[in-house]
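Q: Below is the sequence, then the predicted model.
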Amino acid sequence: MSLDAERRAALLGAKLGALVASVAPGDRRPATFPGGAALVDDGEAWVLLDAKPARGLGPALAWCRAARAERLHVVTESAAGSLARRASQFAEPPTVWRIEGRSLVPAEPEPVPLAPPIAHDVAAWADAFRAAGAEPLAEHGRLIGEVDGLEVARVSSGPDGPVLEIGVGRFDREAHALVSSGRPTNETLAEVVELVRRQRRSEGAAHPLRRLARERWMRRRLVEHPELVGAELLAPVPSLVEQPDLDTAWPAVAAGTDEWGRPLVVACSVGIDLDLVPFAADARLADDRGAELVLVLPPRDAHPVTHDLAALLTVPARVATLRS
């Protein structure tokens with residue numbers, strides 16, 4: 001750990017100690033928590049989320065179990081309401097505290113956010129996406145076109161009407177806007193769709209397009225073959241929080257029914273994502289059908305910690321594996 005990192009960790013530890021003392025005086029020993037600070041005593045843990053707090057509940061729960069603490073308190077300056085909502089899905093919910101000045105206030109769960117509506121003139125682009133070979137999906141107030149789970153185009157509302165952007169990721173979209181200026185839109189879109197489909201389905205050497213959005217690629221497979229997880233029907237569901245960029249691991253959610261017609265929510269993940277369980281439980285809460293929750297991962301990524309956290313939910317989730 002660098003000197004700057006050590007100093008920041010020490011400052012965070014001191015900050016947490018002062019905050020906790022304001023609501024629960026007592027002696028506690030400091031502990032190391034990546035991306036924040038922690039205090040423990042007699043089976044109780046206090047964790048301060050500093051880096052990426054919105055997705056810190058899972059890592060805090062995993063750390064708490066490794067520390068053999070029976071009770072968890074989560075302290076944060078931001079996202080306290082959404083963290084409290086996610087915490088409420090556990091049989092023994094952690095207490096979430098919001099920092100106010102130099103003290104702590106118990107956080108109340110925020111309601112599930114409503115999906116922003118999509119303008120009719122934006123939604124009308126769905127046919128053009130299908131004609132080019134891309135799947136149209138409504139997400140976060142815009143229409144996107146996907147190929148094997150990878151976004152290749154998006155349409156959003158602009159001051160003068162719908163704005164179409166073609167490409168994979170922000171920089172590719174900007175490049176296409178310059179290079180393809182003046183070309184027919186359908187030709188440019190079809191070329192990008194074909195390129196992505198060819199690389200995504202190639203069995204040859206690794207290609208950057210094969211490494212992106214693997215969670216969504218897995219979801220696409222399950223939508224096409226729901227029987228792989230014991231489902232009868234599955235459809236993509238947008239995440240409650242928008243993925244910040246293509247390089248950030250982000251579970252992909254689908255909802256539908258199982259073989260007996262019972263409600264089902266599936267969350268696909270690739271890699272070891274410690275926040276998968278709270279993220280997926282939040283998606284099930286938003287689904288509002290009392291659905292069974294299934295976490296789908298490649299066999300190598302079905303880590304014991306995921307099984308452990310899945311079992312802590314009020315209604316435990318099932319873990320299934322699918323080769324990516």
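A: All right, it came through fine. Since this is a predicted model, take the numbers as computed values, not measurements.
Q: In this structure, which strand is the longest?
A: Assignment by DSSP state E gives strand 150-158 as the longest strand of the chain.
Q: Is residue 316 inside a helix or a strand, and which specific one?
A: For residue 316, there is no host helix or strand (DSSP states H and E).
Q: List the contacts of it.
A: For residue 316, the contact set (C-beta atoms under 8 Å, 6 or more residues apart in numbering) comprises residue 310. For the C-beta atoms, the positions are set from N, CA and C on the backbone; glycine is no exception.
Q: to the chain's geometric centre, what's the distance from the helix or strand hosting residue 143?
A: For residue 143, the host element (DSSP H and E) is strand 142-147. The chain centre lies 18 Å from the centre of strand 142-147; the measure is C-alpha atoms, centre = their mean, to the nearest Å.
Q: Looking at that strand now, give me its mean pLDDT.
A: What strand 142-147 shows for mean pLDDT is 97.
Q: again, but for stretch 286-304
A: 97.
Q: With stretch 120-130 instead?
A: For stretch 120-130, the per-residue pLDDT averages 96.
Q: What residues of it count as buried?
A: 122-123, 125-126, 128-129 (16 or more other C-beta atoms under 10 Å).
Q: what do you get for stretch 190-199?
A: 191-193, 196-197, 199.
Q: and those as JSON lines, adding distance to residue 22?
A: Compiled in JSON lines, the buried residues of stretch 190-199 are given as follows (distance: C-beta to C-beta, whole Å):
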{"residue": "191", "distance to residue 22": "60"}
{"residue": "192", "distance to residue 22": "55"}
{"residue": "193", "distance to residue 22": "57"}
{"residue": "196", "distance to residue 22": "53"}
{"residue": "197", "distance to residue 22": "57"}
{"residue": "199", "distance to residue 22": "55"}
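Q: Among the residues you listed, which lie within helices?
A: Within those, residues falling in helices by DSSP state H are 191-193, 196-197, 199.
Q: Now, the buried residues of stretch 120-130 that are in strands?
A: Going by DSSP E, the strands hold none of the buried residues of stretch 120-130.
Q: In helices, which of those fall?
A: 122-123, 126, 128-129.
Q: can you map out the helices along this structure?
A: Under DSSP H, the chain gives helices at 3-23, 57-66, 80-87, 120-123, 126-132, 169-179, 185-200, 208-211, 214-224, 276-287, 304-311.
Q: Now do the fourth one: everything it contacts.
A: With contact meaning C-beta under 8 Å, 6+ apart, helix 120-123 is reached by 138, 142-143, 155-157, 161-162.
Q: again, only using 10 Å
A: Contact with helix 120-123 is made by 117, 136, 138, 141-143, 154-158, 161-164, as judged by C-beta atoms under 10 Å, 6 or more residues apart in numbering.
Q: out of those residues, which one sits closest to residue 207?
A: residue 154 (22.0 Å; C-beta to C-beta).
Q: That closest one and residue 217: what is the separation?
A: To residue 217, residue 154 is 18 Å away according to C-beta to C-beta, to the nearest Å.
Q: picking that back up, got the CA positions of the strand holding residue 143 in CSV?
A: The C-alpha trace of strand 142-147 is given here as CSV (Å, rounded to 0.1, in the frame of the first residue of the first chain):
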residue,chain,number,x,y,z
ARG,A,142,-33.7,5.5,-24.7
LEU,A,143,-34.0,2.7,-27.3
ILE,A,144,-30.9,0.6,-27.9
GLY,A,145,-30.1,-2.0,-30.5
GLU,A,146,-28.2,-5.1,-29.4
VAL,A,147,-26.4,-7.9,-31.2
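Q: Cool, thanks, signing off.
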